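Chemist: After the sequence you'll find the predicted model.
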Amino acid sequence: MAESGAIDLSNAAAVSARWVEWRRKLDIGAYDRRFEQMAAAGHDVHGEADFIASYVQSSVLDAGCGTGRIGIELDRRGYEVVGVDLDADMVSAARRKQPDMQWFVDDLARMQLRRRFTTIAMPGNVMIFCEPNDRRLIVHNMAQHLEPTGVLIAGFSLEPGGYSLQQWDDDCTASGFDLSERFSTWDRQPFVRPGDYHVSVHRRADRFTVHDLVAEARSTLERLSPADLQRELSSDGELVVLDTRQIGDRERDGYINGSVHVPLSVVEWRVDPASGYTHSGISGFDQRIVLVCNDGYSSSLAAATLHRLGFGRATDVIGGFRAWVRAGLPTVGVPGAH
């Protein structure tokens with residue numbers, strides 16, 4: 001994509017309608033040059049990086065990294081930084097500026113990276129540009145990618161009728177975060193209600209939570225992307241896909257061709273030969289078994305349990321069935337059929 005700012009609106013539409021409207025008006029090259037010119041004129045353009053750096057223990061996920069201005073500055077200061085954004089054009093711009101960093105084009109609500117961080121930063125109005133229905137999912141996924149006691153730092157505008165501070169706090173609380181500090185600016189001006197902007201620091205619970213349970217389970221697995229699974233299906237005739245979703249999900253959304261429906265509550269009983277109820281499609285402990293749930297969380301826990309039962313090649317699909325569908329891979333079954 002040319003640096004002129006021309007964009008693929010289908011890609012932008014995946015972020016939100018509001019993002020599409022903002023990106024129509026944006027020239028990426030001009031956007032970056034504005035900050036470069038400000039810096040050359042002696043202005044401090046690294047207020048967000050200064051703030052974030054004061055909390056970093058070792059690693060940073062720059063969530064909604066845009067063209068990488070903040071992440072690259074933190075990298076320059078010696079921190080380990082990974083950048084993620086759903087706008088492929090912006091990530092390409094970031095990668096051109098700092099090719100040695102890790103940059104990913106991915107959805108903050110559904111990405112499943114193979115690691116966790118001590119700090120996650122969302123400084124660029126991320127939460128008001130994303131799809132409203134994804135906000136709680138994003139907060140949950142940030143908790144999933146944080147180490148215990150790790151911090152989530154976010155700053156965004158507070159607009160009348162928009163995503164409110166109370167909603168943000170409620171979503172954070174629901175995913176195990178506690179509010180640590182709050183300011184009205186990145187240079188730590190006190191927060192006064194009502195305000196039009198906030199910078200909030202939330203800390204993840206200092207206990208073993210469901211997020212740690214999932215991370216522990218995944219540490220034992222070599223998980224598959226949807227594309228990986230499709231390739232293995234075509235080459236391994238013994239591979240069995242266990243679809244652990246509810247029957248209503250399969251009827252409504254379809255399923256992967258050849259997959260076996262085994263509800264999550266009975267996976268162990270339908271796999272372990274000691275149970276007396278083993279499914280006929282399970283041939284032995286060396287068989288490749290791939291579990292698929294809706295989003296790739298409960299399937300990780302079940303696959304790790306199968307490892308404990310001796311099925312060392314069991315694993316699951318990153319992002320679950322919904323990731324399979326988003327990747328455009330084939331499904332079968334007529335929605336609504338019984």
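Modeler: Everything's here; your move. Numbers count the residues shown, from 1 in each chain.
Chemist: how about the residue nearest to Val266 when sequence neighbours are not counted, what does it touch?
Modeler: Distance criterion C-beta to C-beta, 6 or more residues apart in numbering; nearest residue to Val266, sequence neighbours excluded, is Tyr277 at 7.7 Å. Heads up, the C-betas are built off the backbone N, CA and C, glycines and all. By C-beta atoms under 8 Å, 6 or more residues apart in numbering, Tyr277 lies in contact with Val266, Trp269, Arg270.
Chemist: Return the subset of the residues you listed lying in helices.
Modeler: Counted as lying in helices by DSSP state H, out of these, are Trp269, Arg270.
Chemist: Scan the contacts of Tyr277 and report the most crowded one.
Modeler: Tallying neighbours with other C-beta atoms under 10 Å puts Arg270 at the head of the contacts of Tyr277, with 18 neighbours.
Chemist: measure stretch 73-88 end to end?
Modeler: Start-to-end span of stretch 73-88 (C-alpha to C-alpha, to the nearest Å) is 20 Å.
Chemist: Show me what counts as buried in that stretch.
Modeler: Glu73, Leu74, Asp75, Tyr79, Val81, Val82, Gly83, Val84, Asp85, Leu86, Asp87 (16 or more other C-beta atoms under 10 Å).
Chemist: Among the residues you listed, which are located in strands?
Modeler: Among the buried residues of stretch 73-88, the members found in strands (DSSP state E) are Val81, Val82, Gly83, Val84, Asp85.
Chemist: With pLDDT and distance to Gly328 as added columns, please give these in a markdown table.
Modeler: Output for these, formatted as a markdown table (pLDDT from 0 to 100; distance: C-beta to C-beta, whole Å):
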| residue | pLDDT | distance to Gly328 |
| --- | --- | --- |
| Val81 | 98 | 31 |
| Val82 | 98 | 26 |
| Gly83 | 98 | 25 |
| Val84 | 97 | 21 |
| Asp85 | 94 | 21 |
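Chemist: Max pairwise distance over the residues you listed: which two?
Modeler: Farthest-apart pair in those is Val81 and Asp85; separation 13.0 Å (C-beta to C-beta).
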